[in-house]
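> Dropping a prediction and its sequence here:
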Amino acid sequence: MKKDVKAKTILTVFLIVMAGMIGFAVFSQDAFVAMLKNPALLSHARFLHIAAISLFFANAVIGIIWERRSLDSNSKEIILHTYNTVTFLDALFSSPLIILSLLGGLSLSFNLGDFWQIGWLSVSFLLFLLSGIIWIASDIPTQYKVKQLLSRLNQEDQHLPVELISLLKLRWWISMAGVLPLVIVFVLMVYKPDIPAVADWFR
């Protein structure tokens, strides 16, 4: 219970930070862009972006593997412990890492020019957004449903209900769908292929 409260507190704090960043970018756009374009911050931004996106990706992949292994075990204790730990780590690590990767990535992109005009960069940004949309639209509602089912569990039961197992398996597929765009982002980030920019798609 204490772990859930701590995770919710951490998640709320980082959601407030993200909202503050968005507000700053909207209402003080010139100052925000000037800050991200500062050449002195370029090396720090590169390190921040690479470290944050790598840790975020690793946390997502390891979480998927861990959840799959726990479901294969058919052990109530292992499945519940894994689910609680993975959701706690998502709140503790994923939220701040998303903020840091966005800050670093935007800073680097502004120094390259208009990122909507750069093929690999603009497509990477869209794929990153797609991954976030998949998690927000699918993962959050299923987490809510999982918590409802967990609250009804009888501690004396040795096995988890079929509905809960099915929902946890669905969450695994949702996680896979959210990670696949990130794999493509990594490929684009490393190889920087010469592909049409997003801005050219609508011309």
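Arrived safely.

> so how many other residues sit close to S73?
12 (other C-beta atoms under 10 Å). Yep, even glycine has a C-beta here, placed from its N, CA and C like the rest.

> which non-adjacent residue is nearest it?
Once flanking residues are discounted, S73 sits nearest to I79: 7.0 Å by C-beta to C-beta, 6 or more residues apart in numbering.

> Restrict stretch 168-176 to CA atoms and write it as PDB.
Coordinates of the C-alpha atoms in stretch 168-176 are reproduced here as PDB (Å, rounded to 0.1, in the frame of the first residue of the first chain):
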ATOM      1  CA  LEU A 168      -2.200  -9.200 -17.600                       C
ATOM      2  CA  LYS A 169      -1.500 -11.000 -20.900                       C
ATOM      3  CA  LEU A 170      -3.300  -8.200 -22.800                       C
ATOM      4  CA  ARG A 171      -1.000  -5.700 -21.000                       C
ATOM      5  CA  TRP A 172       2.000  -7.600 -22.200                       C
ATOM      6  CA  TRP A 173       0.900  -7.200 -25.800                       C
ATOM      7  CA  ILE A 174       0.200  -3.500 -25.200                       C
ATOM      8  CA  SER A 175       3.700  -3.100 -23.800                       C
ATOM      9  CA  MET A 176       5.100  -4.900 -26.900                       C
END
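
> how about the residue nearest to S73, what does it touch?
Taking C-beta atoms under 8 Å, 6 or more residues apart in numbering, we find I79 in contact with S70, L71, S73, L160, I165, L168.

> So which bits of the helix or strand containing the last one are buried?
L168 is part of helix 162-191 when elements are defined by DSSP states H and E. In terms of neighbour count (16 or more other C-beta atoms under 10 Å), helix 162-191 has its buried residues at 164-165, 167-168, 171-172, 174-175, 178-179, 181-182, 185, 188.

> Thanks again, I'm all set now.
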